[in-house]
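# Got a predicted model here, sequence first, then my questions.
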Amino acid sequence: MSDAQSESPASNTDDETPLEMVVGGMTIGGILTVAFGLLALGVPWFWVVFPVGFAGVLPAAIGLTRLYERRQRDVTSESAPSEREAALETLRGRYARGEIDDDEFERRLAALLETESVTEAADYVARESVRETDRT
C-alpha cells in the first residue's frame, strides 16, 4: 500500500463512512423490497433480483458513494487555503503595509518555511526574539 493510500481514511475498504452505510442500507432494503414484492405477486423469476441486486446494484451504489465522497474531499482540500498559505499571505500583507521591516520579514519567512505548522513558526520566532534579546 502506498503512502498516499495509508494516509487517507476513506481509501481503506474496511472503514465505512456514515453515507456509505446509509446508501448500503437503503440499497439492501430496496433489493429485498423488490424481491419479496415480486414473490408476493407470484412472479416466478423473483430470485433474479438477489444476484443482480447484491452483485451489481449494491457494489455500484457503494462505488458511486465513495467516488462522490472522494471528489467532495478533493474540492474541499483544494478550495480551502492551508494554514501555512494563510500565514504567508498575512506576512506578505504586513510587509507590504510597512508594519514590519526587511529583517523582520525575512526572519519570519524563514521561520514559516522551516517549520511544519504556523504554531511551530510562532514558537520559533519567539525563541529567536529571546535569543536576540539575550545577545544585546
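That came in fine, so what should we check first? Residues are numbered from 1 along each chain as shown.
# Which segments of the chain make up each domain?
Per automatic domain parsing, the structural domains of the chain span 3-79, 83-135.
# Least confident of these, on average?
Looking at these, the lowest mean pLDDT belongs to domain 83-135 (a mean of 79).
# how far does that domain sit from the chain's center?
Centroid displacement of domain 83-135 relative to its chain, using C-alpha atoms, centre = their mean, to the nearest Å, is 28 Å.
# for stretch 128-136, same thing?
Its chain's average C-alpha position is 41 Å from that of stretch 128-136, according to C-alpha atoms, centre = their mean.
# Quick check: F54 touching I31?
Yes: at 6.5 Å, F54 counts as touching I31 under the criterion of C-beta atoms under 8 Å. From N, CA and C alone the C-beta is placed, and that goes for glycine too.
# Pick out whichever of these two has more residues nearby.
Set F54 next to I31 and count neighbours by other C-beta atoms under 10 Å: I31 wins out with 18 against 15.
# Please look at the more buried one and W47 and confirm they touch.
No: using C-beta under 8 Å, I31 makes no contact with W47, being 11.9 Å away.
# nearest residue to L58 other than its sequence neighbours?
In space, and not counting its chain neighbours, L58 is closest to T27: 5.1 Å by C-beta to C-beta, 6 or more residues apart in numbering.
# Contact partners for the one you found?
By C-beta atoms under 8 Å, 6 or more residues apart in numbering, the contact list for T27 reads 53, 57-58, 61-62.
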